[in-house]
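I need the structure of the sequence given here:
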Amino acid sequence: MSPSQFVLALLLLISLELTHATRDQIDDHSYEVPGENQCADELNICYKLWVLIGATQAISSTFNQKPGEDMKYNGVIKLLTESFNDSLTVASTKGNLIRLNADYLQHYRGDILEEFAGVVYHQMTRVLQWTGNGTAPSGLINGIADYVRLKGGHASKSWPRKGSGSRWDDGFAITAYFLEYCNDLKPGFVANLNALMKYSYSEAFFVQLLGKSVHQLWGDYKLAYATRRIPGSEEGYRKPPTRSFDSFPAVSIS
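Coordinates of the predicted model:
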């Protein structure tokens, strides 16, 4: 068994709650991740805690907020790794409960720990981001979550290249790269977009923040990366398959 598989085996056995005490440690940056020797007996807990802290800091930095400040959810966040009895679904998030599919991780071809971290960054963002009271396109919501994953340094090697996609709201990595382009045009764009989505959503937010419609921006983005046109496909571009986040049936939270 490789070191990564050994760590994964430990990860599958536990769940972890991000307590208010931990939030305070994140807020004043006083928490230090224990060294490898200190974590030898409880590496599962140490690694999960390290990833959760990193994800919370990345979200706070991206949205220009302090942890727990003006976020959609401000309380205990629960992370559970368990079998979904399929290897395709990645994860499910409902309320403050994040469920990661152990079957997906076990069948993942690549760095398991890196993929684990990336999925947690995505799902943590889903808990804390604004969604326009549920009116924002799911592709944008998932795109913002993958944008946080991207800026946190945990982009997947399986992601399509920049400039891919047929629509700006295809979601996940496609929308994440588009949002990165928009944020480069005006630093802080993603943070401001998230803030505007606290109560409602409108495509006019793009005009308000960047002076162009989202469709004009998408056209500029495609032109910037000179995506090759493919005859007969929607809008002339190939649409890669999407990942099966959040397709697991909703679960109740006790």
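
Can you list the neighbours in contact with stretch 94-108?
8, 11-12, 73, 75-93, 112, 115-116, 119-120, 123-124, 126-127, 248, 250-251, 253 (CB atoms under 8 Å, 6 or more residues apart in numbering). (Glycine included, C-beta is placed from N, CA and C.)

for the stretch 51-200 of the chain, what spans make up the helices?
102-107, 112-128, 138-151, 172-185, 189-196 (DSSP state H, counting those that start in this stretch).

Nearest to Lys222, out of those?
Lys222 lies closest to helix 172-185 among the helices of the stretch 51-200 of the chain, at 9.1 Å (CB to CB).

helices or strands up against the closest one?
helix 138-151, helix 189-196, helix 204-210, helix 214-225 (3 or more CB pairs under 8 Å, 6 or more residues apart in numbering; DSSP states H and E).

highest average neighbour count across those?
helix 138-151 (a mean of 24; mean count of other CB atoms under 10 Å).

Could you export that one as PDB, CA atoms only?
Output of helix 138-151 as PDB, limited to C-alpha atoms (Å, rounded to 0.1, in the frame of the first residue of the first chain):
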ATOM      1  CA  SER A 138     -25.800  26.400 -11.200                       C
ATOM      2  CA  GLY A 139     -23.000  26.700 -13.700                       C
ATOM      3  CA  LEU A 140     -21.900  30.100 -12.200                       C
ATOM      4  CA  ILE A 141     -22.200  28.700  -8.600                       C
ATOM      5  CA  ASN A 142     -20.000  25.700  -9.500                       C
ATOM      6  CA  GLY A 143     -17.700  27.900 -11.500                       C
ATOM      7  CA  ILE A 144     -17.100  30.200  -8.500                       C
ATOM      8  CA  ALA A 145     -16.400  27.100  -6.400                       C
ATOM      9  CA  ASP A 146     -13.900  25.800  -8.900                       C
ATOM     10  CA  TYR A 147     -12.400  29.300  -9.100                       C
ATOM     11  CA  VAL A 148     -11.600  29.200  -5.400                       C
ATOM     12  CA  ARG A 149     -10.100  25.800  -5.900                       C
ATOM     13  CA  LEU A 150      -8.100  27.200  -8.800                       C
ATOM     14  CA  LYS A 151      -6.800  30.200  -6.900                       C
END
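
How about residues contacting that helix?
55, 58-59, 61-62, 118, 121-126, 129, 131, 155, 167-180, 183, 190, 193-194, 201, 245.

try 6 Å this time
58-59, 62, 118, 121-122, 125-126, 129, 131, 169-173, 175-176, 179 (CB atoms under 6 Å, 6 or more residues apart in numbering).

Touching, Asp169 and Pro137? I think so.
Yes. With contact defined as CB atoms under 6 Å, Asp169 counts as touching Pro137 (4.6 Å).
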